[in-house]
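Student: Below is the structure, and that's it, no one-letter string:
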């Protein structure tokens, strides 16, 4: 999807993941062909689009109806219906509908400084949602305490954003 322009709406609190952070993340991940991504707190959908452009399929969950309408319009215009599902819901309320499912990668970019980063692994456990890797973007000023059963494999800082790479303890 190189060369396509994504117009990001001017929405209070919307903070799309910068291009350098997206590039760094996908360089770390390597090939993601045929992976299944769960994109939480999706915002503009830019992370799902990046994953789809690299061969993955994606399910985006975003609470803001205006933003999900914009994502649905992009999905239609760019002919991405087969590889991209979009749901309008609060993340904590939308996850129970996915109970028992598994994703290769879960990416979450919740509002900074709200404690969502630490709650997210608990919600995944509550709803028995499996993942190969959980990546949470949070402010560099926050040092999350991860719940029991989760291991932070690494954290990478990019300006004001830090990517935390988590996996479940074996």
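Tutor: That came through, no problem. Because the structure is predicted, anything quoted here is derived from the model rather than measured.

Student: Okay, buried residues for the worst-scoring helix or strand of the chain on mean pLDDT please.
Tutor: When the helices and strands of the chain are scored by mean pLDDT, DSSP states H and E, helix 19-29 comes last with a mean of 92. For helix 19-29, the buried set under the neighbour-count rule, 16 or more other CB atoms under 10 Å, comprises 21, 22, 25, 26, 29. To be clear about C-beta, it is placed using only N, CA and C from the backbone, and glycine gets the same treatment.

Student: Now the third one. Nearest residue, chain neighbours left out?
Tutor: If the residues on either side of it in the chain are set aside, residue 25 comes closest to residue 163, at 6.1 Å by CB to CB, 6 or more residues apart in numbering.

Student: How far does the longest helix that the chain contains sit from its chain's centre?
Tutor: The single longest helix within the chain, with elements called by DSSP state H, is helix 65-77. What separates the centre of helix 65-77 from the centre of its chain is 16 Å, taken as CA atoms, centre = their mean, to the nearest Å.

Student: Equivalent analysis for stretch 116-132, please.
Tutor: Relative to its chain's centre, stretch 116-132 lies at 13 Å (CA atoms, centre = their mean).

Student: Repeat that for stretch 144-157.
Tutor: Put simply, stretch 144-157 sits 16 Å off its chain's centre (CA atoms, centre = their mean).

Student: Just the terminal-to-terminal distance for it.
Tutor: By CA to CA, to the nearest Å, the extent of stretch 144-157 from end to end equals 14 Å.

Student: And what about the spatially closest residue to residue 41 that is not a sequence neighbour, helix, strand or coil?
Tutor: Excluding its sequence neighbours, the residue lying closest to residue 41 (CB to CB, 6+ apart) is residue 110, at 4.6 Å. Classification of residue 110 using DSSP: H, G, I helix; E, B strand; the rest coil returns coil.
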